[in-house]
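Asks: using only what follows, build the 3D model:
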Amino acid sequence: MTAPAETDFDDWITATHRAAGDFTVLFVLLRITDRTVEPLRSAWLHVMGDETRWPEMVQLFAGAKVPWDAAVFFRAGREGLVPDAEARARLQSLTRKLHEDRSLIREGEFFNADGLRLRLDEQKPH
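Replies: Coordinates of the predicted model:
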């Protein structure tokens, strides 16, 4: 039996699976400070079915062995599942671009450590 959706992440992943079927997702763990959002670690996951919930993702993130504040998710491609080699290449490209331009986070699905949706706003200089 599938656990009920309890977070914004759960709602997003089940809705995405319902619309797209099985898919590959790229994700980046982030540290958030008063002035910056810093990419920390990244990986990909093949989502097979709609059973994945936020607590399982948090367990997966623990393997990164870094303190994190948020995570951003991007579908690896419109084609659904992508082979590992392609997911790796797309993730490397994504992380390079994120290090250059943090505003790309706005194009992903951005969640805090509780699985609640976040929004990235540009901070105006003082």
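
Asks: doesn't Val28 belong to a strand?
Replies: Yes. Applying DSSP: H, G, I helix; E, B strand; the rest coil, one finds Val28 inside a strand.

Asks: got a list of what it touches?
Replies: 39-42, 71-72, 94-95, 98 (Cβ atoms under 8 Å, 6 or more residues apart in numbering). For the C-beta atoms, the positions are set from N, CA and C on the backbone; glycine is no exception.

Asks: nearest to Thr14, of those residues?
Replies: Nearest to Thr14, judged by Cβ to Cβ, of these is Ala71 at 16.9 Å.

Asks: please enumerate the strands of the chain.
Replies: Assigned by DSSP state E, the chain shows strands spanning 23-32, 37-47, 70-75, 109-112.

Asks: closest to Leu118 out of the ones you listed?
Replies: strand 109-112 (4.5 Å).

Asks: could you pull out the buried residues of that closest one?
Replies: Residues of strand 109-112 classed as buried: 109-112 (neighbour count, 16 or more other Cβ atoms under 10 Å).

Asks: which one of those residues is nearest Leu60?
Replies: When those are compared against Leu60 (criterion: Cβ to Cβ), the nearest one is Phe111, at 13.4 Å.
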